[in-house]
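# Mind folding the following:
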Amino acid sequence: MAPNRICTTALVLLVSLPSALASLMNGAGCDTTTNFDIDTVLSSAQAYGNSENVFMPPGCTCKESGVAKPECVIFDCDCKCDLTAGVCDMNCCCDTECTAAQITKFSTNCLDSGVSDPVYQTCHSPYEVAKINPKYPMRSDDSAENAYKNLLCVQTDNSGTKGVFFDTGRTKASLYPSAADVFSDKDCNTEFDYTCNSRATSTLSSSSGHDTTDEFFLLGDTIASTTGVAGSSSIAEAFGGALPLPKADQRGYCNENNRVQFGESTYNSNDDVSNTCIRPVGTLSTTCTAEFDYKRFVENMFVSSKYSAAIAADSTTDFVAVAVSSIKKGNTYLYGNGGGTTLPTASHSGTTCSNALKSLCYEIVYDVDFKITAVNARIELADVDSSSATFVEQDFSVEFSTMSFPNSALSLDNNNLVNRTRSGNPGYIMGRPVLGGRVHPGESKAVLANVKGMQVMSSVNGECDTTGGFNANFGTSVQFGVDMSVGCSLSLTAAELQNLCVNKVSHTGNYLYDPAPAVTTGQSNIPFWLTSMYNDTSTTKVGIFGNADPLDITQWLDVTQGAFANSEPAYDALKLSCSNFPTGTHYKFQWTYVGSTTNPQAKIMSAEVSYSSQEMKFNNDRTGNTAEQKFPFSVTVDWTYKELNSEKYSPPPPPIIFSVPYDVFYPFQIDSPATRSGGSWAVLALSAVLCVCMVF
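Have a look, this model is predicted:
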């Protein structure tokens with residue numbers, strides 16, 4: 001009876017498993033259930049804990065001799081393409097769930113199984129072997145065909161080496177350390193630790209950990225701020241007691257709880273390459289003066305000149321006032337830089353907020369004792385129209401500079417005559433801005449470098465900038481090694497699309513740009529937001545290394561200009577479509593590491609910009625002549641790594657003073673003076689021995 005019971009149980013499993021597997025597959029595909037269906041399997045089989053897989057995962061083979069599976073930590077896995085449990089994965093020739101007939105069908109196109117490469121090279125050309133200590137009259141057949149016909153191969157590998165494996169330890173504690181041990185580091189050394197790197201701290205703190213009685217600032221310290229009239233009782237903490245640096249929260253909204261940190265310029269920080277955020281327009285009659293007025297960030301604002309400064313009624317003691325250095329609106333300075341002498345004010349009228357804050361940059365100057373001596377604000381304003389804008393993009397930044405740099409250290413060799421922020425020294429740091437600029441208009445051997453590096457277009461509400469301003473192709477920094485894509489859309493009626501395509505006429509503003517003949521063929525007008533930096537005057541240049549000197553143009557690389565479409569845009573009235581009109585810009589960079597392999601330096605090897613066209617077809621023809629359709633435009637940046645070979649270098653040994661047969665020291669290797677490999681000390685020692693023997 002026992003055998004019958006066993007057979008019956010096995011039969012139930014065989015009948016039940018296919019339906020269970022179907023449920024698993026449905027759960028992974030179009031089924032709307034939340035969890036995989038395991039209940040069907042549990043109804044037919046007993047659940048168990050697989051203690052054998054504590055160290056070694058399922059589907060792997062233990063490579064340790066004499067070690068049981070539960071203790072095996074040296075293992076290899078050989079079927080990484082088997083990604084669906086219980087079903088044959090197509091083209092996965094190592095999948096044990098595939099039948100022989102199935103494997104036969106796709107065996108000529110097998111997916112990578114993940115089998116480790118052999119530890120040793122098992123075949124060698126006899127021609128290469130013959131190079132080792134050749135002796136007359138021995139010779140080898142020099143023909144390439146014979147070298148490959150008769151390879152010298154290892155027939156049986158009896159080596160005890162099984163490969164190179166990671167050292168993970170042999171205890172559960174080493175393989176699976178507790179979360180408390182792993183994440184208990186509060187020093188913020190983890191690059192991608194959002195908690196540590198959050199600027200929204202609730203209290204004034206120092207990332208450097210120095211004493212609160214110290215007068216000097218250290219890197220990362222918050223800077224105390226006050227607001228009010230000096231000497232009055234109205235003095236109070238401003239923005240929670242720390243100089244603010246509004247930054248985008250999870251929704252992209254401006255969060256004013258973020259703080260300036262001493263010594264950290266925004267465009268010099270990995271996560272602050274472009275510190276933009278959006279602010280809802282809301283009820284403009286209220287938000288115009290309550291949120292969009294720049295004065296709340298500068299008027300009657302004081303910051304601590306030293307780290308230990310305490311906020312008191314007399315804000316002139318140990319505090320410096322925030323001064324406005326310039327205010328710009330469009331291309332006109334309203335204050336400073338030759339403009340007016342009266343500070344403008346934000347005002348509301350109808351659906352417009354005039355002189356709303358667009359960008360703010362704090363310029364903080366400190367002395368050799370790391371005490372703040374001055375804080376200036378550069379401001380840019382714009383008008384906000386609530387009838388057309390729901391959100392407004394704002395930019396906040398901070399720049400630190402020292403006022404007492406030792407002149408003796410300034411030199412062209414030290415690469416520091418131009419005070420600037422580097423993106424590496426010398427090699428680029430991943431995520432830092434790519435240095436960008438153009439040939440200096442007054443000196444052909446120098447580069448006019450942009451403060452924020454290479455820029456491409458930015459879009460606030462997803463709409464393309466049709467104002468025709470020269471900043472339409474700025475706003476988003478290109479980061480080293482980071483692939484990116486930015487885009488915007490252009491709303492057009494069918495008539496506006498035709499006019500743009502045939503007559504090259506902007507439907508509003510003036511956003512079409514006629515590039516110079518030297519950088520284009522066939523195309524006469526493209527939207528300005530697709531153009532590259534400075535291509536209205538000269539070729540865009542990028543720094544080869546992260547510390548490229550603007551005074552030396554040889555340290556900069558041209559962004560090669562690719563050709564536009566070879567034909568003019570064409571409009572099809574029947575299809576209501578425009579072809580050959582530029583809709584995309586594509587930057588490609590190749591980079592590599594140079595220098596020592598133990599201290600590699602990243603550099604840009606090549607850069608190119610090209611353009612593409614996608615058919616602009618109007619599909620809303622049944623909604624009336626005034627109907628609009630959004631047409632997408634995009635800018636992409638792609639990075640490709642070029643792997644270089646490495647070689648071992650040793651200084652060449654001194655020449656031997658007398659002539660000897662080339663193999664006199666066999667089997668020792670003798671380097672000639674031109675050879676770059678090691679062995680010079682051995683040559684000297686053997687030469688000395690030979691000289692002694694000749695004397696006796």
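
# For S477, give the beta-bridge partners.
Q455 (DSSP bridges).

# close enough to count as contact, it and N450?
No - between S477 and N450 there is no contact, the gap being 9.3 Å when judged by C-beta atoms under 8 Å. C-beta here means a position set from N, CA and C on the backbone, and glycine is covered the same way.

# Compare neighbour counts for those two and give me the winner.
Counting neighbours by other C-beta atoms under 10 Å for S477 and for N450 shows that S477 has the greater number, 23 against 18.

# Roughly how far does the more buried one sit from Q455?
Applying C-beta to C-beta, to the nearest Å, one obtains 6 Å for the distance of S477 from Q455.

# what's the answer for N376, then?
From N376 to Q455 the distance is 24 Å (C-beta to C-beta).

# Likewise for E363?
20 Å.

# neighbour-wise, which of those two wins?
Counted by other C-beta under 10 Å, E363 and Q455 do not tie: Q455 has more neighbours, with 21 against 17.

# quick one: contacts for that one?
Residues near Q455 by C-beta atoms under 8 Å, 6 or more residues apart in numbering: G436, N473, F474, G475, T476, S477, V478, M533.

# Count the neighbours of the nearest residue to V502 once chain neighbours are set aside for me.
For V502, the nearest residue in space outside its immediate sequence neighbours is Y571; the separation is 5.0 Å by C-beta to C-beta, 6 or more residues apart in numbering. Per other C-beta under 10 Å, the neighbour tally for Y571 reads 19.

# Low-confidence stretches in the stretch 351-500 of the chain?
403-409, 460-461, 467-471 (pLDDT under 70).

# Please, where are all the helices along it?
494-498 (DSSP state H, counting those that start in this stretch).

# Can you show me the strands along it?
Along the stretch 351-500 of the chain, the stretches classed as strands by DSSP state E, counting those that start in this stretch are 352-366, 372-385, 391-402, 436-440, 443-449, 455-457, 475-477, 484-492.

# Nearest approach to T104 belongs to which of the ones you listed?
strand 484-492 (42.3 Å; C-beta to C-beta).

# How about residues contacting that closest one?
Outside strand 484-492, the residues within contact range by C-beta under 8 Å, 6+ apart are 456-459, 462-466, 476, 478, 500, 507, 527, 529, 618, 628-637.

# So for that strand, what gets flagged as buried?
Using 16 or more other C-beta atoms under 10 Å as the burial criterion, the residues of strand 484-492 that qualify are V486, G487, C488, S489, L490, L492.

# Which one of the residues you listed is nearest to K371?
With C-beta to C-beta as the yardstick, the closest approach to K371 among these comes from V486, at 40.4 Å.

# Which residue ranges of the stretch 551-696 of the chain form helices?
With DSSP H, counting those that start in this stretch as the definition, the stretch 551-696 of the chain shows helices at residue ranges 680-695.

# low-confidence ranges in it?
562-566, 620-625, 647-660, 662-696.

# what comes up buried for stretch 367-383?
Using 16+ other C-beta under 10 Å as the burial criterion, the residues of stretch 367-383 that qualify are F370, K371, I372, A374, V375, N376, A377, R378, I379, E380, L381, A382.

# For the first one, give me the backbone phi and psi.
This points to F370. Here is the backbone geometry of F370 (degrees, to the nearest 10): phi 60, psi 40.

# List the residues that contact it.
F216, F217, L218, F262.

# Which of those residues ranks first by neighbour count?
F217 (27 neighbours).

# From L243, how far out is the closest residue to that residue other than its chain neighbours?
Setting aside the residues directly before and after it, F217 is nearest to F262 in space (C-beta to C-beta, 6+ apart), at 4.3 Å. Computed as C-beta to C-beta, the F262 to L243 distance reads 10 Å.

# shared neighbours of those two, which are they?
With C-beta under 8 Å, 6+ apart, F262 and L243 have common neighbours T222, I223.

# Would you mind naming the residues that bridge with H348?
Applying DSSP bridges, one finds that H348 bridges with C353.

# actually F400, sorry about that
Applying DSSP bridges to F400 yields these beta-bridge partners: I364.

# Next, the buried residues of the helix or strand where F239 lies.
Taking DSSP states H and E as the definition, F239 sits inside strand 236-242. Going by neighbour count (16+ other C-beta under 10 Å), the buried part of strand 236-242 is A238, F239, G240, G241, A242.

# I'd like to know which elements it is packed against.
Here strand 236-242 is seen to pack against strand 224-227 when contacts are counted using 3 or more C-beta pairs under 8 Å, 6 or more residues apart in numbering; DSSP states H and E.

# again, only this time at 10 Å
Applying 3 or more C-beta pairs under 10 Å, 6 or more residues apart in numbering; DSSP states H and E, we find strand 236-242 packed against strand 224-227, strand 301-304.

# model confidence over the last one, on average?
Taken as a whole, strand 301-304 has an average pLDDT of 91.

# hey, C-alpha coordinates of the next helix or strand after it in PDB?
Elements were assigned by DSSP H and E; along the chain past strand 301-304, the next helix or strand is strand 319-329. Coordinates of the C-alpha atoms in strand 319-329 are reproduced here as PDB (Å, rounded to 0.1, in the frame of the first residue of the first chain):
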ATOM      1  CA  PHE A 319      27.600  89.900  11.600                       C
ATOM      2  CA  VAL A 320      27.800  91.400   8.000                       C
ATOM      3  CA  ALA A 321      24.900  92.800   6.000                       C
ATOM      4  CA  VAL A 322      23.800  91.200   2.800                       C
ATOM      5  CA  ALA A 323      24.400  93.800   0.000                       C
ATOM      6  CA  VAL A 324      22.900  93.800  -3.400                       C
ATOM      7  CA  SER A 325      25.600  94.100  -6.100                       C
ATOM      8  CA  SER A 326      23.500  94.000  -9.200                       C
ATOM      9  CA  ILE A 327      19.900  93.500 -10.400                       C
ATOM     10  CA  LYS A 328      19.300  92.400 -14.000                       C
ATOM     11  CA  LYS A 329      16.000  92.100 -16.000                       C
END
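
# Report the strands that pair with the helix or strand following strand 319-329, each with its relative direction.
Once strand 319-329 ends, the next helix or strand along the chain (criterion: DSSP H and E) is strand 332-335. When pairing is defined by DSSP bridges, strand 332-335 lines up against strand 319-329 (antiparallel).
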